[in-house]
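Enquirer: predicted model and sequence below, questions to follow.
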Amino acid sequence: MNDFQERMLPARMSDDSNSPTELEGKISVQQAGDQAKVFAARMRLQKAVDQADALDAIREIAVNLIGTEEVAVFKIDKKRSELWLYWSFGTDPNKHSVLEVCREPRLPEVLSGKPVFRSRFSTENLLSTDDPVSALVPILVDGSPAAVIVLFRLFPHKMGIEPVDKEICEVLSNCAGRAVEPYHSR
Amino acid sequence: MPKKVLLVDDSTTTLMMEEMILKQRTNYECVTAKDGLDAISRAVVETPDLILMDVVMPRMNGFEACKRMRLQASLRETPIILVTTCGDEEYVEAGFQSGCSDYITKPIDGFELVTLLQNYLGE
């Protein structure tokens, strides 16, 4: 065991909860943590003061609550045949400027209003790009998708999209309208 | 008297989430700061029992704030936990070089956060 591991061990040892009572306690704290994340995401989006703040809220939620520093928002064109890059963070904007719906088999599902997630052990990417895509989340305005949030590569220590991440994405889907429609009422 | 925790992050989302978890699951008192500079002045005034601080922040990052806090006599022994996006050994080692006591990676897991803080502060 090296110095680094020795220093880290004491604080991590109590992570081993084996008895039923400890397990119940762990689940309870875990649930409280998950609820706090979902609540914080909703509050942050609802309190966004303008479009720029709403886009920043998407970035904050992606980085701090879901665990990715690569996120982009694509607006859906009127014909619903293409998606145009509208805003991005941590990705090369020249690499993903347009997505053609006919070439992206997962997009029709997203355009019907449902988020799509990459499962933990899946090798299939959600878009035809070299960069791994973890989730495609429609932004609903008046009940219809107006844009799509693309969450790319997750942090290396994060194994995949978890149930709480899906709940947070539901919040993004329902509360991020101001990011693409500045005058959309909350 | 409840233990006092200083939460430092430029993200209001993170502060809200951390504060909610700690208020629901512990009896610690929470105070907040929005960047490294703000954190130093709050820490000197509030003398918290523990500091939970993000690394990437405007004006002054968590590493630098940690170094400067360690120069303050009143904060020399205060546990400082850094919140990082990266658990790489080199990055974490940089945190320890700055004087931090421990680290936790984003996205913060509620159970891990509570357990870690209780290890330092007790329940």
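Expert: Arrived safely.
Enquirer: and the residue of chain A found nearest chain B, which helix or strand is it part of?
Expert: Closest residue of chain A to chain B, C-beta to the nearest C-beta: A:Gly33 (1.5 Å). The C-beta positions use only the backbone N, C-alpha and C, and glycine is treated the same way. Under DSSP states H and E, the secondary-structure element containing A:Gly33 is helix A:20-46.
Enquirer: distance from the chain centre to that helix, please.
Expert: 17 Å (C-alpha atoms, centre = their mean, to the nearest Å).
Enquirer: show me which positions of it end up buried.
Expert: Taking 16 or more other C-beta atoms under 10 Å in any protein chain shown as the basis for neighbour counts, the residues of helix A:20-46 that come out buried are A:26, A:29-30, A:32-38, A:40-45.
Enquirer: ok, then the element right after it?
Expert: Note on helix A:20-46: by DSSP H and E, the next helix or strand toward the C-terminus is helix A:51-60.
Enquirer: what's the angle from that next one to helix A:20-46?
Expert: 160 degrees (axes from the mean of the first three to the mean of the last three C-alpha atoms, to 10 degrees).
Enquirer: quick one: mean pLDDT over helix A:51-60.
Expert: In this model, helix A:51-60 has a mean pLDDT of 96.
Enquirer: do stretch A:167-175 as well
Expert: Here stretch A:167-175 scores 97 as its mean pLDDT.
Enquirer: check whether that stretch contacts chain B.
Expert: No. Figure legend: stretch A:167-175 not in contact with chain B (C-beta under 8 Å from any C-beta of the partner chain); closest approach 9.3 Å.
Enquirer: hmm, who's touching that stretch?
Expert: Counting by C-beta atoms under 8 Å, 6 or more residues apart in numbering or on different chains, stretch A:167-175 makes contact with A:34, A:37-38, A:41-42, A:45-46, A:58, A:61, A:65-66, A:113, A:115, A:117, A:135, A:137-140, A:149, A:151, A:186, all of which sit outside it.
Enquirer: need the helices for chain A, in chain order.
Expert: Under the criterion DSSP state H, chain A carries helices at the ranges A:3-13, A:20-46, A:51-60, A:107-111, A:163-175.
Enquirer: out of those, nearest to A:Leu83?
Expert: The minimum distance between A:Leu83 and those falls on helix A:107-111, with 7.3 Å, by C-beta to C-beta.
Enquirer: could I get the buried residue list for the closest one?
Expert: By neighbour count, with 16+ other C-beta under 10 Å as the criterion, the buried positions of helix A:107-111 are A:Leu107, A:Val110, A:Leu111.
Enquirer: let me have the residues you listed in JSON lines, extended by distance to B:Leu121 and pLDDT.
Expert: As requested, these are arranged in JSON lines below (distance: C-beta to C-beta, whole Å; pLDDT from 0 to 100):
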{"residue": "A:Leu107", "distance to B:Leu121": "48", "pLDDT": "94"}
{"residue": "A:Val110", "distance to B:Leu121": "44", "pLDDT": "96"}
{"residue": "A:Leu111", "distance to B:Leu121": "49", "pLDDT": "96"}
